[in-house]
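**Student:** have a look at this prediction, sequence included:
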Amino acid sequence: MTDLAQSGDAPRPKMSPPADQTGIVGWLKRNLFSSWGNSLTTIVLIACVVWIIDWFIDWGLVNATFVAANGPECGKNAGACWALIGEKYRYIFFGSFPYEQHWRPLFACIAMLAMLLASADRRMWNWRLLVIWSVGSFVTFLLMFGELRFPLTIFLIVGLVVGGVGMGLRAGIASPREMLTYRVLAIVGGVGLAGRIAGVIPAWGLEINAFSYVETGLWGGLPVTMILATYGLVFAFPYGILLALGRRSNLPLIKGLCVGFIELIRGVPLISLLIMASVMLPLFLPTGSNIDKFLRALVAVIFFAGAYIAEIIRGGLQSLPKGQFEAADAMGLNYVQSTTLIVLPQALRVVIPPLINTFIGFFKDTSLVLIIGIFDFLNTANQALVDPNWAGFPGEVYLFAAAIYFIFCYSMSRYSKYLEIELNKGTRR
Amino acid sequence: MIKNAIAVGVAAASIAGFSGIAHAGKDLDAIKARGSLICGVGTGTAGFGLADSQGKWTGLDVDVCRAVAAAIFGDSEKVKYVPTTAQQRFTALQSGEVDMLSRTTTYTLTRDTALGFDFPGINYYDGQGFMVNKKLGVKSAKELNGATICVSPGTTTELNLADYFRANKLSFKPVVIEKADEIRAAFFSGRCDVYTTDASSLYSVRAANVPAPQKADDFIILPEIISKEPLGPVVRHGDNQLADIVRWAHFAMLEAEEYGINSKNVDQMLKSEDPVIKRILGVTPGMGKALGVDEKWVVNIVKQVGNYGESFERNVGMGSVLKIERGLNKLWTKGGLQYAPPIR
Amino acid sequence: MAVEAVRATSDTKVAPWNDPVIRGWVFQIVVVGLVAALAWYLVSNTLENLARQKIATGFDFLGREAGFAIGDTMIAYSPADTYARAIWVGILNTLRVAVIGIILTTFLGTIIGIGRLSPNWLLARICAIYVEIFRNVPLLLWLFLIYKLVSEAFPGPRQAIRMMGDTVFLSNRGLYFPVPIAAPIHKWMGVGLIVGIVGAWALHRWATARQARTGEPFPSILAGFGIVLAAPFLVWLLGGAPSAMSWPALKGFNFEGGTVIQPEFAALLLGLVLYTSAFVAEIVRSGILALHKGQSEAAAAIGLSRGQSMRLVLLPQALRVIVPPMTSTYLNITKNSSLAIAIGYPDLVASINVTINQTGQAIENILIIMAAYLTVSLSISAFMNWYNKQIALKER
């Protein structure tokens, strides 16, 4: 080391780069003042930003009113009237849910959030997901309704479906005992359902009465938005998968049906489906029967979401190399097995990030249900403006609502970005 | 069989807890079996149908629902109120979501026939009017040429407005927003010069909805009434017995007022010797049986809801914030239009 | 075993329940049968309900007098016209906001998308913030906010903000400005405009061909704009330059004369453009980022300025990536314009909504909505697919 330094080239003292290339100055020069045009842009922009921030601080903090008895008193200062939010935030979050029971929708929201957060963790992506969602949904709806009733028919259908799917999926893989369980489930479900239809078995049900019953007409605010977006997508998911598989199928009739349905739904605005659900659905059902208004909106959201999810999943299916399908066939797997064991797991992995983006879209789009008179978060925020005693501060309320929407959507979009990178780690070269 | 199977499938698909599918037979039987009347009301018109912060509904239209419940069950509280928008109310009734509507609905030929409804009675004779800001200095609707007018869709209001301006060779610009709250906000913010709807609602809005810096006195309601708006409860075609009960619950309130029976003196009136009063109050039995309800039905109505005059004064008349003159809604004996056929 | 199976399929007849073709058909027939049964069930219920409630059916109502007024129309309309015309007015209003919205969104979105890639750190940041703020909040909220601000922030017509020497008025009734009074020459100016566009296109073709042949550039874009503007102007001069204008003036309650951009239209357009351009910006940005870095380096190496390299090298290539997602964004603008109903702009859904209420015929009217939107959607898709083919990489 020392030898080398002594001999050879004359030792030059190590020089740091020119002062205007490093540090803050260098960064500024490179990123803000690299040319005349650039400098001008920067200066104009800084002026604008300073002006906006200055105005916003003046309006939102300095001149704002945080405590006031009513609107006119709140409007005395030139700034924002945050007292209105303080007055109305419980209504904005929970709508007309009985006031003294507001803790119920609060905990329902927390349960749903916990459920969503838990599902965001990749370590949970297995049987645990089923448990999380069963428990989470049960808690959410028990809190919201106050009482739940599970008709026998539901259990029978679940039995039939689990048995049938199990028989189809695990054929030749499962142990004989497991197979037997599926067969028993399917037979009990099938026979029971036949009995229900024929009217042999009475309409038994399991009832849980934990709190006082609150009908969906009184639901409002954040829980409604979250339920519509979450369960709209959850129910739309399996049926979107079916539509996507149908569209990729080589059976002409099935393919035609699916293509027609998907394109029809995607070609029309959500509003027209919502109006259809609220005005026409009652006409479709037998005379005298009647579906809850909330459920009608949910049905419209599910129909709508299904078509969009189908297109996303189709993208995932198309991205799979042909060899995967051929290999599955070569293994002697039947269609159901190759689809659920080979094709779907790979296809779904690819489409998780776009699915989350769809979820963000639906979280925002559920605000449209206010047009058919359902009190979602945006609608309750809107209603808070109606009070004649607090009139004249739309900006504050909308800003507040926008902030809540932003927090939800932005964090989800960050998660989607993160996941995209995470999931691509394996395939990146 | 197939239908049944699909129905079970659909029912199962509807999640547990949602009201799901409830097959109703005849409407009245369904109401009795349920133990409560489902009444479609407005989304909030002070004086006619408005829920307070405890969720208790009051108003002239709400009193019709209460009277019907009092006639059927003997208890005016056995009503479940379903708020409906002007847009959704008919679908709600057609689909059976509600048993009856009582929410300032105008009786018209097409609604009575093409939509498949019955209008058993008229509990408020109304007409469409105009509200303007005093600052405009307008005294008559004839001066409204070229005005911008806020109007809610889905009502006869929109058609009457167009007809009136056409008939008088005036022009106007409509601003149409579906939600009543939004259209009022547009009017009060100055987007429109005029707000038009039934005069009763104008009084109600002026009394209860004027946003804070402005006052009720800043707005005047013009003298012109441009349409006939007979407002009343509505039921579906198909169950005449329910229609009869609704019709006579309303008439009973009118008869009670005409014969001086009110919620305070109804117990003394039971001892009256007047054969008409005895028939009305069921002291002489027969009327209740004919209608298919308890013989004490009028007593229940008057005791719990009051007679028509009491209901009017309490909800929209001088005893309320609306302060509407009785006008056309006086009894026929006082020169008004409210006329009940005899209970006999 | 596998060998046996193969042999079995090749030379012996398979049992019909194992034949994939037969299985496929059986499955299809079962599914179609189920769908048909469900459809039959719904239709029979509907017919039963309609008959029981005596709701009229059929499209006869279209020829009847509508009787309601519409606040913002592009064609002459009065309450005495038919429902069909009222619905047509609604369709035109939808198309107007969609077309203008698409054009403005494309401009704004492209600018913001390129801005996000700017070497100027501050500009890139601000564009990024814009994108995040606008796309993470529901469009409907933006519409409400903008509409409330527009209708509450501006003064009434009598206190209107006067501009340009009392010829332009801004109030809560809208923005009034003068327009030329209709003259026969206007029709011919339209023809002139079309001729100008065709001429500009021809010039551009010629200029491209010449540049490919000789390498000499020709400012065909500038010249093209000149031709497009000059042609109608020449026609106007030839027609005797009729300059009669309709001036807005306060008369009674409102302004009369001139033309107006109403607050509902302005709020809807502004909301749509601000919201959707955030998505367009992302599409443009990812389209440019999808290009190999060598492209921009090569463009810089041959001495193109940043603007030139963007216009001549990067954007044309990025277009291939951009066009497909852009198509669905354009469709979204069209479909989202139906939110007009929330703020009172009389679009198609608003017209239909009133018609449903007056006639009670929900089914027919909803069919009309769906047919109208499907037609528009499919037309936009068809056009964009055609355009996509035009710009696709032509391999030689």
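**Tutor:** Received it, and whenever you're ready, just let me know what you need. Since this is a predicted model, take the numbers as computed values, not measurements. Numbers count the residues shown, from 1 in each chain, chains lettered A, B, ... in the order given.

**Student:** which residues in chain C form helices?
**Tutor:** C:2-11, C:20-52, C:83-116, C:121-135, C:139-153, C:185-214, C:220-238, C:263-289, C:293-301, C:306-308, C:315-336, C:340-343, C:348-359, C:362-391 (DSSP state H).

**Student:** do the fourth one and chain A come into contact?
**Tutor:** The one in question is helix C:121-135. Yes: counting by Cβ under 8 Å from any Cβ of the partner chain, chain A is contacted by helix C:121-135 at C:Trp121, C:Leu122, C:Leu123, C:Ile126, C:Glu132, C:Ile133, C:Arg135. In this view, the C-beta of every residue, glycine as well, is placed from N, C-alpha and C.

**Student:** can you get me a residue count around the fourth one?
**Tutor:** Residue neighbour count, defined by other Cβ atoms under 10 Å in any protein chain shown, stands at 18 for C:Ile126.

**Student:** ok, the fifth one next?
**Tutor:** Taking other Cβ under 10 Å as the neighbour definition, C:Glu132 ends up with a count of 17.

**Student:** which one of the residues of helix C:121-135 next to chain A is nearest A:Leu317?
**Tutor:** For the residues of helix C:121-135 next to chain A, the minimum distance to A:Leu317 (Cβ to Cβ) is 27.2 Å, reached by C:Arg135.

**Student:** so can I have a markdown table of the helices of chain C showing mean pLDDT and distance to A:Asn38?
**Tutor:** Shown next, in a markdown table, are these (pLDDT from 0 to 100; distance: least, Cβ to Cβ, whole Å):
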| stretch | mean pLDDT | distance to A:Asn38 |
| --- | --- | --- |
| helix C:2-11 | 47 | 69 |
| helix C:20-52 | 85 | 62 |
| helix C:83-116 | 93 | 13 |
| helix C:121-135 | 92 | 9 |
| helix C:139-153 | 88 | 32 |
| helix C:185-214 | 85 | 30 |
| helix C:220-238 | 83 | 25 |
| helix C:263-289 | 92 | 19 |
| helix C:293-301 | 88 | 16 |
| helix C:306-308 | 81 | 10 |
| helix C:315-336 | 87 | 21 |
| helix C:340-343 | 87 | 40 |
| helix C:348-359 | 85 | 46 |
| helix C:362-391 | 87 | 31 |
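
**Student:** can I get those in CSV including distance to B:Asp294?
**Tutor:** Shown next, in CSV, are the helices of chain C (distance: least, Cβ to Cβ, whole Å):
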stretch, distance to B:Asp294
helix C:2-11, 79
helix C:20-52, 31
helix C:83-116, 49
helix C:121-135, 62
helix C:139-153, 50
helix C:185-214, 76
helix C:220-238, 82
helix C:263-289, 54
helix C:293-301, 88
helix C:306-308, 88
helix C:315-336, 56
helix C:340-343, 47
helix C:348-359, 39
helix C:362-391, 39
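
**Student:** can you put those in TSV and add distance to chain B?
**Tutor:** Shown next, in TSV, are those (distance: least, Cβ to the nearest Cβ, whole Å):
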stretch	distance to chain B
helix C:2-11	38
helix C:20-52	5
helix C:83-116	11
helix C:121-135	23
helix C:139-153	4
helix C:185-214	25
helix C:220-238	31
helix C:263-289	7
helix C:293-301	49
helix C:306-308	44
helix C:315-336	17
helix C:340-343	6
helix C:348-359	4
helix C:362-391	8
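
**Student:** how's chain B carved up into domains?
**Tutor:** Domain ranges of chain B: B:2-125+B:230-334, B:128-227, per automatic domain parsing.

**Student:** low-confidence ranges, the stretch 51-200 of chain A, go.
**Tutor:** Segments of the stretch 51-200 of chain A classed as low confidence (criterion: pLDDT under 70) are A:172.

**Student:** mind doing that once more with 90?
**Tutor:** A:56, A:58-92, A:94-102, A:116-132, A:134, A:145-200 (pLDDT under 90).

**Student:** where along it do the helices fall?
**Tutor:** Assigned by DSSP state H, counting those that start in this stretch, the helices in the stretch 51-200 of chain A fall at A:71-74, A:83-94, A:103-120, A:127-145, A:152-169, A:176-198.

**Student:** so what strands line up beside the helix or strand just after the last one?
**Tutor:** In this case it means helix A:176-198. Per DSSP states H and E, the first helix or strand lying C-terminal to helix A:176-198 is strand A:205-209. Partner strands and pairing direction for strand A:205-209 (DSSP bridges) are strand A:147-151 (antiparallel).

**Student:** could you give the angle of the strand it pairs with to helix A:127-145?
**Tutor:** 120 degrees (axes from the mean of the first three to the mean of the last three Cα atoms, to 10 degrees).

**Student:** chain center to strand A:147-151, what's the gap?
**Tutor:** Its chain's average C-alpha position is 26 Å from that of strand A:147-151, according to Cα atoms, centre = their mean, to the nearest Å.

**Student:** stretch C:239-256 too?
**Tutor:** 30 Å.

**Student:** picking up where we left off before, and the helices of the stretch 51-200 of chain A as a markdown table, adding mean neighbour count and distance to B:Val298?
**Tutor:** Output for these, formatted as a markdown table (neighbours: other Cβ atoms under 10 Å in any protein chain shown; distance: least, Cβ to Cβ, whole Å):
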| stretch | mean neighbour count | distance to B:Val298 |
| --- | --- | --- |
| helix A:71-74 | 19 | 46 |
| helix A:83-94 | 20 | 41 |
| helix A:103-120 | 18 | 42 |
| helix A:127-145 | 17 | 39 |
| helix A:152-169 | 18 | 45 |
| helix A:176-198 | 15 | 46 |
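
**Student:** of the ones you listed, which approaches C:Val260 most closely?
**Tutor:** Comparison of the helices of the stretch 51-200 of chain A against C:Val260 by Cβ to Cβ identifies helix A:71-74 as nearest, at 31.6 Å.

**Student:** report all helices and strands that the closest one contacts.
**Tutor:** For helix A:71-74, the helices and strands in contact under the criterion 3 or more Cβ pairs under 8 Å, 6 or more residues apart in numbering or on different chains; DSSP states H and E are helix A:83-94.

**Student:** now for the helix it packs on, which elements pack on it?
**Tutor:** Partner elements for helix A:83-94 (3+ Cβ pairs under 8 Å, 6+ apart): helix A:71-74, helix A:103-120, helix A:222-248, helix A:377-384, helix A:394-424.

**Student:** out of those, indicate the one that is most buried.
**Tutor:** helix A:377-384 (a mean of 26; mean count of other Cβ atoms under 10 Å in any protein chain shown).

**Student:** ok, that one near chain C or not?
**Tutor:** Yes: against chain C, helix A:377-384 shows contacts by Cβ under 8 Å from any Cβ at A:Leu378, A:Ala381, A:Asn382.

**Student:** okay if I get those as a markdown table plus distance to chain B and pLDDT?
**Tutor:** Listed next are the residues of helix A:377-384 next to chain C as a markdown table, based on distance: Cβ to the nearest Cβ, whole Å; pLDDT from 0 to 100:
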| residue | distance to chain B | pLDDT |
| --- | --- | --- |
| A:Leu378 | 12 | 91 |
| A:Ala381 | 12 | 88 |
| A:Asn382 | 8 | 84 |
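
**Student:** alongside chain C, which residues does the stretch 301-429 of chain A contribute?
**Tutor:** A:332, A:360, A:364-365, A:367-368, A:370-371, A:378, A:381-382, A:385, A:392, A:394-395, A:398, A:401-402, A:405-406, A:409-410, A:413.

**Student:** let's go with 6 Å and repeat that
**Tutor:** A:Lys364, A:Ser367, A:Leu378, A:Pro394, A:Tyr398, A:Ala402, A:Tyr405, A:Phe406, A:Cys409, A:Tyr410 (Cβ under 6 Å from any Cβ of the partner chain).

**Student:** how about the residue lying closest to the last one once chain neighbours are set aside, phi and psi?
**Tutor:** It refers to A:Tyr410. The shortest distance from A:Tyr410 to any non-neighbouring residue, by Cβ to Cβ, 6 or more residues apart in numbering or on different chains, is to C:Asn136 (4.8 Å). When read as degrees, to the nearest 10, the backbone of C:Asn136 gives phi -100, psi 10.
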